[in-house]
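K.L.:
have a look; sequence and predicted model below, questions after that.
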Amino acid sequence: MELDELKGLINQKLMEGSPNMTENNFTDLLKGKASSVISKIKKSLWFEIACCALVVPLFIGIALFSSHSSLKIYFGLFGAIFIPFTLIFFYLLKKINEFDQSVLPIKENLYQLIKMLEDFTRRYFQFNMALLPICFLLALYLGYNEKEPIEILDNLINKFKVTKSIYIGFIIGYSIAMVVGLIYLTKWYIRKLYGKYIDQLKLLLAELKED
Amino acid sequence: MDYKEKDFIQLLNQNQKIIHKVCNLYMNWQEDKEDLFQEITLQAWKAYSQFRGEAKFSTWLYRVALNTAITFFRKDKKNAFIDTVSEMPELTVPMDRDPIEDKTKAMYEAIAALSKIDKAIVMLYLEDYSYAEISEIIGITANNIAVKMNRIKVKLREATLKNFERI
């Protein structure tokens, strides 16, 4: 039972049950929405760009017009960091659009797709991680400069007789847990979104390694 | 509709067999086949502006269709099952069985169980593309295609025999 013997019949079987599409059917299909991973990433990038476009002027406005120096620094820094990231997102979008319109050989297509997904996930991770130290250090700075007493915290400190060393220990422990937790959470989230897909693509690419 | 879109739809309509074949080979469920059909159509439309006519439209469409099918994954568990309902082994054996039809069915099931890359190579081979042409579409050397094709043929022969005994 050889493939060559059954070529014609297999070709026929591959067409079994296929409806005959008309030009109108194709016109309708062109109005539909794509569901590929590339279109998913494009949507995600447009969402990030829209958020940046909204946040940058807002944050810079707060930084310029706020009378509190801590708020000026906090929002000014955030506003500034969003600008290069907006440019990076635009760059990624441009690369993805170029890729989306190209028709490469299968091996090259897989290679480029993997590279693009890894680039995207790396930038996404960097973006989230870049915000982490700024958030954290500025929160400490703002908290330290807070003049108004926070009753609940004061009561807790008095009730449990929290000493200065316990307090500092708690802050350090909390900071480490938060940073490690957020790193793992972000990694887990990115992996959940694209990790399995990248692994599957890598397996396919490995299959095309020259013997 | 502009003339470019009209041209594209005409060409697609004339070559729709290619998309149907790819969808039937790569997807097992009707709903998935329809989704992939739409995805290939949209992908071809997006890339059409870059089509310069250096290659035949059918070859170009094969490239688009196979690239789309290979990178198209379904999240649900339906794909865990290889066969479609129509390809499930029959429980009752009809009296007037056609051995050629059974052989074809056994071979078809064997092809359906191949990896996505091997399916692409087989599909182009079935369309009588030369190893050099297949190598251009897949992106590896023609020698490598020949080696892979030989391995695939052996794999298919063994799997077809097993499937044929089962049928």
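P.N.:
Structure received. Numbering: from 1, shown residues only, chains lettered A, B, ... in the order given.

K.L.:
quick check, the helix or strand containing B:Leu156 touching chain A?
P.N.:
Using DSSP states H and E, B:Leu156 maps to helix B:142-166. Yes: contact of helix B:142-166 with chain A (Cβ under 8 Å from any Cβ of the partner chain) involves B:Asn144, B:Val147, B:Lys148, B:Ile152, B:Lys153, B:Leu156, B:Arg157, B:Thr160, B:Leu161, B:Phe164. In this view, the C-beta of every residue, glycine as well, is placed from N, C-alpha and C.

K.L.:
how about those in CSV, adding pLDDT and neighbour count?
P.N.:
Converted to CSV, those look like this (pLDDT from 0 to 100; neighbours: other Cβ atoms under 10 Å in any protein chain shown):
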residue, pLDDT, neighbour count
B:Asn144, 95, 18
B:Val147, 95, 15
B:Lys148, 95, 21
B:Ile152, 95, 21
B:Lys153, 94, 15
B:Leu156, 93, 23
B:Arg157, 93, 14
B:Thr160, 91, 23
B:Leu161, 90, 15
B:Phe164, 83, 17
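
K.L.:
give the other helices and strands that the helix holding B:Leu156 contacts.
P.N.:
Applying 3 or more Cβ pairs under 8 Å, 6 or more residues apart in numbering or on different chains; DSSP states H and E, we find helix B:142-166 packed against helix B:99-112, helix B:116-126, helix B:131-138.

K.L.:
quick check: mean pLDDT of the last one?
P.N.:
If I follow you right, that is helix B:131-138. If you average the pLDDT over helix B:131-138, you get 96.

K.L.:
residues touching it, excluding its own?
P.N.:
Identification of contacts with helix B:131-138 by Cβ atoms under 8 Å, 6 or more residues apart in numbering or on different chains yields A:105-107, A:208, B:59, B:62-63, B:66, B:117, B:120-121, B:124-125, B:129, B:141-142, B:144-146, B:149.

K.L.:
for stretch A:47-59, same thing?
P.N.:
For stretch A:47-59, the external contacting residues (Cβ under 8 Å, 6+ apart) are A:Phe75, A:Gly76, A:Phe78, A:Gly79, A:Phe82, A:Ile83, A:Phe85, A:Thr86, A:Phe89, A:Phe90, A:Leu93, A:Phe127.

K.L.:
do the helix or strand harbouring the fourth one and chain B meet at all?
P.N.:
Under the criterion DSSP H and E, the helix or strand holding A:Gly79 is helix A:69-101. Yes: residues of helix A:69-101 are located near chain B by Cβ under 8 Å from any Cβ, namely A:Asp100, A:Gln101.

K.L.:
what packs against the worst-scoring helix or strand of chain B on mean pLDDT?
P.N.:
None of the helices or strands of chain B scores lower by mean pLDDT, DSSP states H and E than helix B:99-112, at a mean of 89. In this structure, helix B:99-112 packs against helix A:7-14, helix B:142-166, with contacts taken as 3+ Cβ pairs under 8 Å, 6+ apart.

K.L.:
how about the helices and strands packed on helix B:142-166 in a markdown table, adding mean neighbour count?
P.N.:
As requested, the helices and strands packed on helix B:142-166 are exported to a markdown table (neighbours: other Cβ atoms under 10 Å in any protein chain shown):
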| stretch | mean neighbour count |
| --- | --- |
| helix B:99-112 | 19 |
| helix B:116-126 | 22 |
| helix B:131-138 | 20 |
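
K.L.:
hmm, back to that, how far does the helix holding A:Gly79 sit from its chain's centre?
P.N.:
Taking Cα atoms, centre = their mean, to the nearest Å, one finds helix A:69-101 lying 12 Å from the centre of the chain it belongs to.

K.L.:
now do the helix or strand where A:Val56 lies, average pLDDT.
P.N.:
Using DSSP H and E, A:Val56 maps to helix A:37-65. Average pLDDT, helix A:37-65: 91.

K.L.:
what of stretch B:66-75?
P.N.:
Stretch B:66-75 comes out at a mean pLDDT of 88.

K.L.:
and that stretch, does that touch chain A?
P.N.:
Yes: counting by Cβ under 8 Å from any Cβ, chain A has neighbours in stretch B:66-75: B:Leu66, B:Asn67, B:Thr68, B:Ile70, B:Thr71, B:Phe72, B:Phe73.

K.L.:
show me the contact partners of the helix holding B:Leu156.
P.N.:
Applying Cβ under 8 Å, 6+ apart, the external contacts of helix B:142-166 come out as A:1-3, A:210-211, B:89, B:102-103, B:105-107, B:109-111, B:113-114, B:118, B:121-122, B:125, B:131-132, B:134-135, B:138, B:140.

K.L.:
of the helices and strands packed on helix B:99-112, which is nearest B:Ile19?
P.N.:
Of all the helices and strands packed on helix B:99-112, helix A:7-14 sits nearest to B:Ile19, with 11.3 Å by Cβ to Cβ.

K.L.:
which strands or helices does the closest one pack on?
P.N.:
helix B:16-26, helix B:99-112, helix B:116-126.

K.L.:
on that earlier part again, pull out the buried members of the residues of stretch B:66-75 next to chain A.
P.N.:
Among those, the ones that count as buried by 16 or more other Cβ atoms under 10 Å in any protein chain shown are B:Leu66, B:Asn67, B:Thr68, B:Ile70, B:Thr71, B:Phe72.

K.L.:
only alpha carbons, please: show the least confident helix or strand of chain B as CSV.
P.N.:
This file holds the C-alpha atoms of helix B:99-112, laid out as CSV (Å, rounded to 0.1, in the frame of the first residue of the first chain):
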residue,chain,number,x,y,z
PRO,B,99,-10.9,-3.0,-0.8
ILE,B,100,-9.6,0.1,-2.7
GLU,B,101,-11.9,2.3,-0.7
ASP,B,102,-10.7,0.7,2.5
LYS,B,103,-7.1,1.1,1.5
THR,B,104,-7.7,4.8,0.7
LYS,B,105,-9.4,5.2,4.0
ALA,B,106,-6.6,3.5,5.8
MET,B,107,-4.0,5.7,4.0
TYR,B,108,-6.1,8.8,4.7
GLU,B,109,-6.2,8.1,8.4
ALA,B,110,-2.4,7.5,8.4
ILE,B,111,-1.8,10.9,6.7
ALA,B,112,-4.2,12.5,9.2
